[in-house]
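> 3D model of this:
(4 chains)
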There are 2 protein chains.
Amino acid sequence: MTDKQTRLLDAALELFANDGYNATSTSKVAKAAGVSEGLIFRHFGNKRGLLDALMAEAERKLATVLAPVLFATDPEATIGKAVELPFAIDPGEYDFWRLQYKLKWEKGYHHPQKMKPLLDKLCWAFSELGYSHPEQEAQLLSQVLEAIATEILRAGNPEEWRPYRTFLRWKYLG
Amino acid sequence: MTDKQTRLLDAALELFANDGYNATSTSKVAKAAGVSEGLIFRHFGNKRGLLDALMAEAERKLATVLAPVLFATDPEATIGKAVELPFAIDPGEYDFWRLQYKLKWEKGYHHPQKMKPLLDKLCWAFSELGYSHPEQEAQLLSQVLEAIATEILRAGNPEEWRPYRTFLRWKYLG
DNA sequence: CAATTTTAAGTGATTGCTTACTTATTTTTT
DNA sequence: AAAAAATAAGTAAGCAATCACTTAAAATTG
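Numbers count the residues shown, from 1 in each chain, chains lettered A, B, ... in the order given. Coordinates of the predicted model:
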């Protein structure tokens, strides 16, 4: 991985995340990276290859973010860590995560069910805590957390959601 | 509003909703409408004018959908009608609503806070029912409903969410 | 070790094609 | 026949991708 390759990836991430994949031209990416346009196709084959290289990191990063929840041992800690998730995202990686959400709606990119492990763990936690509908409770909390994350990524305003975080902790952990 | 104008709007709605605004060319819209491309610019000025004409209906349609909630007189009915919202969308209008959500992520289209009236009404309902954090409860339910709607619009599978609807009714209305 | 060959990285001009949009002309309506 | 609606044939700019080519770094040889 040469210097210019990483500069291409950095530029592509920023532009894809902010303007969208389809709306970003390869010439823009090359110009932003300070590199010739042809280099994109030498190193990544085509425009989509550039996106794929970016997404290859996704699974690893998601696993890192979800780890505190998935490796929690008791149900209360599981839910507590889950509530922290939207606030645990490194602001330096907002571009990366915003790209994930944007791709949900971009053409020709099928969105896999990456949140299943989180859902399963939450289901276990609610079950342990005696909730009568653990599956649906897990679904609900997961939806709420994803909604918060989406808003934070779109507006970049994690501080505005702090009171809501407190509310969720009170609601679920007393 | 001539026949060919409505055919242009119909074609534009379907293509914009499925492929995205930026990813849809004016020539495709014209071809799908069975009409010459220049007609778009004669009637709507430019490509964006086509989108704006589509969005002009948005407020009216949203008001129609939200009416059962906003005009409910007691808090239980308010929440009950709110839970029905994602399932009350006419499948013939999925394209229209999917376009709304897609635009959230498309460049250069600022997303206004159209859900405020719903949020306020839910806040009132939770307050009436003695919830200690009505504002956050309203926020939470609103997020959940929007998440359901988003999924139904993306996958077109309202039936899969019926059990979840039952759960929400049980959770909020006993 | 130095000369030679091979491989990889990088460039930028150019490709055929698509884009949003315009202009001139024809058809339809009143 | 005048006005409006619609078309067909454009335009210039932008697109992803390819091209012949240069430079730099390894690898192979004598």
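> so for the host helix or strand of A:Glu135, what's the average pLDDT?
Here A:Glu135 sits within helix A:134-155, counting by DSSP states H and E. Averaging pLDDT along helix A:134-155 gives 96.
> Now the residue in chain A that DNA strand D sits nearest to, what are its backbone angles?
Nearest residue of chain A to DNA strand D, counting by CB to the nearest atom of the strand: A:Ser25, 3.0 Å away. Where you see a C-beta, it was placed from the backbone N, CA and C, and this is true even at glycine. When read as degrees, to the nearest 10, the backbone of A:Ser25 gives phi -90, psi 150.
> burial of it, as a residue count?
Neighbourhood size, A:Ser25 [other CB atoms under 10 Å in any protein chain shown]: 13.
> Need the contact partners of the helix holding A:Glu135.
With CB atoms under 8 Å, 6 or more residues apart in numbering or on different chains as the test, helix A:134-155 has contacts from A:79, A:82-83, A:85-87, A:89, A:94, A:97-98, A:101, A:115, A:118-120, A:122-127, A:131, A:157-158, A:161, A:164, A:168, A:172, B:104, B:140, B:143-144, B:146-148, B:163-164, B:167.
> hmm, 6 Å instead?
A:85-86, A:94, A:97-98, A:101, A:119, A:122-123, A:126-127, A:131, A:158, A:161, B:140, B:143-144, B:147, B:164, B:167 (CB atoms under 6 Å, 6 or more residues apart in numbering or on different chains).
> Also compute the angle for that helix relative to helix B:134-155, please.
90 degrees (axes from the mean of the first three to the mean of the last three CA atoms, to 10 degrees).
> Report the distance from helix A:134-155 to the chain centre.
Computed by CA atoms, centre = their mean, to the nearest Å, the chain-centroid distance of helix A:134-155 equals 12 Å.
> Give the buried residues for it.
For helix A:134-155, the neighbour count (16 or more other CB atoms under 10 Å in any protein chain shown) marks A:134-153 as buried.
> Spatially central residue for chain A, please.
The residue lying closest to the centre of chain A (CA atoms, centre = their mean) is A:Trp97, at 3.8 Å.
> Which helix or strand contains that residue?
Going by DSSP H and E, A:Trp97 is part of helix A:94-103.
> Looking at that helix now, give me its mean pLDDT.
92.
> which strands and helices sit next to that helix?
For helix A:94-103, the helices and strands in contact under the criterion 3 or more CB pairs under 6 Å, 6 or more residues apart in numbering or on different chains; DSSP states H and E are helix A:3-19, helix A:134-155.
> Would you mind giving me the confidence score for the residue of chain A closest to DNA strand D?
93.
> give the contact list for A:Leu173.
Counted by CB under 6 Å, 6+ apart, A:Leu173 has contacts A:Glu76.
> Please repeat the previous calculation with a cut-off of 8 Å.
A:Leu173 sits next to A:Glu76, A:Ile79, A:Gly80 when contact means CB under 8 Å, 6+ apart.
> Can you select the buried ones among these for me in ChimeraX?
Restricted to buried positions by 16+ other CB under 10 Å, the ChimeraX selection for those reads:
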select /A:79,80
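> Columns pLDDT, secondary structure and distance to B:Phe44 on top of the contacts of A:Leu173, output as CSV?
Supplementary listing: the contacts of A:Leu173 in CSV, determined by pLDDT from 0 to 100; DSSP: H, G, I helix; E, B strand; the rest coil; distance: CB to CB, whole Å:
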residue, pLDDT, secondary structure, distance to B:Phe44
A:Glu76, 97, helix, 57
A:Ile79, 98, helix, 51
A:Gly80, 98, helix, 52
